[in-house]
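Visitor: fold the following and give me the result.
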Amino acid sequence: MARILVVDDSPTQLTGISRIVEKLGHECLTAEDGAAGVEKAKAELPDLILMDVVMPNLNGFQATRSIARAVETAHIPIVLVTTKDQETDKVWGMRQGAKAYITKPFTEAELTSVIQQLLPA
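Guide: I've put the predicted structure just below:
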């Protein structure tokens with residue numbers, strides 16, 4: 001069982017993604033914005049992070065960059081899960097340190113596939 005941090009400012013998205021994570025048998029941690037996500041990533045050291053982009057305080061690109069560049073959290077794979085569907089957004093997200101990029105709305109199968117690909121066996 002892995003520990004997965006879900007960072008999203010939408011309660012609906014947090015609940016939906018958390019359900020999928022728990023259905024896969026993983027423990028789900030949550031944060032409501034990028035700043036809280038960075039703090040929780042450093043405190044909890046999850047196995048994977050699912051990060052929204054459009055959030056208050058610290059957006060997902062900024063939070064991803066912060067987590068990916070910090071020595072204690074750089075090993076954690078981050079998946080950006082966002083409504084931002086332009087190719088430039090995807091390229092920018094990957095340059096910030098994300099390992100994968102999923103656009104909303106996504107299917108449960110899409111999210112499950114990415115989670116399984118990025119979690120250590």
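
Visitor: so which elements touch the helix ranked longest in the chain?
Guide: Longest helix in the chain, counting residues (DSSP state H): helix 11-23. For helix 11-23, the packing partners by 3 or more C-beta pairs under 8 Å, 6 or more residues apart in numbering; DSSP states H and E come out as strand 3-7, strand 27-31, helix 108-118. Every C-beta, even on glycine, is put in place using the N, C-alpha and C of the backbone.

Visitor: wait, which of these is closest to Val71?
Guide: strand 3-7 (17.9 Å; C-beta to C-beta).

Visitor: neighbouring strands of the closest one in the sheet, and parallel or not?
Guide: With DSSP bridges as the test, strand 3-7 is paired with strand 27-31 (parallel), strand 48-51 (parallel).

Visitor: reformat these as TSV; add distance to Glu108.
Guide: Below are those laid out as TSV (distance: least, C-beta to C-beta, whole Å):
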stretch	distance to Glu108
strand 27-31	14
strand 48-51	13
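
Visitor: just those strands: most buried one?
Guide: Stretch with highest mean neighbour count among the strands paired with strand 3-7: strand 48-51 (a mean of 28; mean count of other C-beta atoms under 10 Å).

Visitor: check which residues of the very next helix or strand once past that one are buried.
Guide: Next helix or strand after strand 48-51 toward the C-terminus (DSSP states H and E): helix 60-69. The neighbour-count check on helix 60-69 (16 or more other C-beta atoms under 10 Å) flags Gly60, Phe61, Gln62, Ala63, Thr64, Arg65, Ser66, Ile67, Ala68 as buried.

Visitor: just give me the residue closest to the centre of this protein.
Guide: Residue closest to the average C-alpha location in the chain (C-alpha atoms, centre = their mean): Leu50, at 1.6 Å.

Visitor: for it, give its distance to Val71.
Guide: For Leu50, the distance to Val71 equals 22 Å [C-beta to C-beta, to the nearest Å].

Visitor: no further queries at this time; thank you.
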